[in-house]
Every structure is written in structure tokens, then in C-alpha cells.
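Trainee: Here's a sequence, model it:
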Amino acid sequence: MNPRSILLVEDNPSDVALTQRAMARSAIKNPLVVAENGQQALDYLFGSSANASHSAGDTPILILLDLKLPRIDGLEVLRRIRADSRTRRIPVVILTSSGEQTDIAAGYDLGANSYIRKPVDFHQFAETIRQLGLYWLVINEPPPKR
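Mentor: Residues are numbered from 1 along each chain as shown. This next block holds a predicted model:
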């Protein structure tokens with residue numbers, strides 16, 4: 001059985017590479033799917049374009065969502081995820097550099113499961129990814145598929 005994917009919604013190539021390295025270092029085997037902007041994330045989740053690369057039943061086990069994204073920002077992506085019965089149960093962790101109280105409040109108001117500020121130091125970032133993987137992929141009981 002193949003592990004379910006993790007969707008990383010991140011427009012910064014350096015942060016994508018850091019996440020990939022941190023996942024490899026933490027032995028997280030779930031495939032990482034990268035969406036470089038909010039529109040790509042929604043296309044992937046809802047199969048709403050020719051670029052959608054999976055079937056509707058192949059939902060990610062976890063979404064790591066940046067807030068500051070081109071085309072459609074992270075809060076709007078979260079709003080649309082929670083508004084759709086097919087995706088509303090997917091755990092969404094906001095992983096962003098923003099520590100703005102308004103962003104934190106808005107993220108939780110829209111249904112984020114967690115809000116984490118990206119550590120600047122790679123070792124701290126890798127530890128954060130390891131702990132995220134441990135909790136969301138091993139300890140946490142995922143919601144049943146719809």
C-alpha cells in the first residue's frame with residue numbers, strides 16, 4: 001500500500017527544498033506534492049483543470065499551507081478547502097513566516113488545525129518537520145475518507 005501524499009503549498013523554491021531535505025532527514029516516506037501557488041493547490045485538490053494530477057479519491061493526508069502565495073492567497077485556499085465536503089476534513093497546518101496576530105486568528109477562524117511559524121535555522125526547521133510528521137502521520141488518527 002502506498003502512503004498518502006502530503007500537499008505542500010509553497011511558492012518559495014528554497015523553502016520547498018528545505019522541506020524536502022527535512023522530510024528525507026526525518027525518514028518521512030509519504031510523497032510530497034508541491035503546489036507553487038493557491039490556484040495550483042485548488043486545481044490539485046478539486047481536479048478543476050487539465051493540470052490536476054490525481055483522481056478525486058486521492059486526497060492528501062496532510063496539507064502544509066503557506067499564507068503569502070501568488071494568484072490565490074493561503075487564507076482563501078483554506079476557506080475553499082473547508083467549504084467543500086470532499087476536503088474539509090483534511091488536516092491543514094499553516095506553515096508560514098508570518099507571525100501577524102491577524103493571520104493567526106484568521107487561520108484558526110477558517111479552520112486551520114495548526115499554525116506554525118517557519119524556523120529560520122535549518123536544524124530547527126528539520127526538527128519542526130520531524131515533529132509534524134510524527135504527530136500528523138503516526139500519532140494522530142486521521143479522519144475517515146468521505
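Trainee: residues making contact with stretch 106-124?
Mentor: Outside stretch 106-124, the residues that touch it by CB atoms under 8 Å, 6 or more residues apart in numbering are 15, 18, 21-22, 65, 67, 75, 78-79, 81-82, 88, 91-99, 104, 125, 127-128, 132. Quick note: C-beta positions are derived from backbone N, CA and C, even for glycine.
Trainee: which residues does the spatially most central residue of the chain contact?
Mentor: Per CA atoms, centre = their mean, the C-alpha nearest to the average position across the chain is that of Leu64, at 1.8 Å. Taking CB under 8 Å, 6+ apart, we find Leu64 in contact with Ile6, Leu7, Leu8, Val9, Glu10, Thr19, Val93, Leu95, Leu132.
Trainee: rerun that using 10 Å as the cut-off
Mentor: Leu64 makes contact with 6-10, 15, 19, 32, 34, 91-96, 114, 116, 129, 132, 136, according to CB atoms under 10 Å, 6 or more residues apart in numbering.
Trainee: my read is it is in a strand, agree?
Mentor: Yes: when the secondary structure is assigned by DSSP: H, G, I helix; E, B strand; the rest coil, Leu64 falls within a strand.
Trainee: Can you give me the pLDDT of it?
Mentor: Turning to Leu64, the model gives it a pLDDT of 98.
Trainee: Need phi/psi at Ala35.
Mentor: Comment: the main-chain dihedrals of Ala35 come out as phi -110, psi 130, following degrees, to the nearest 10.
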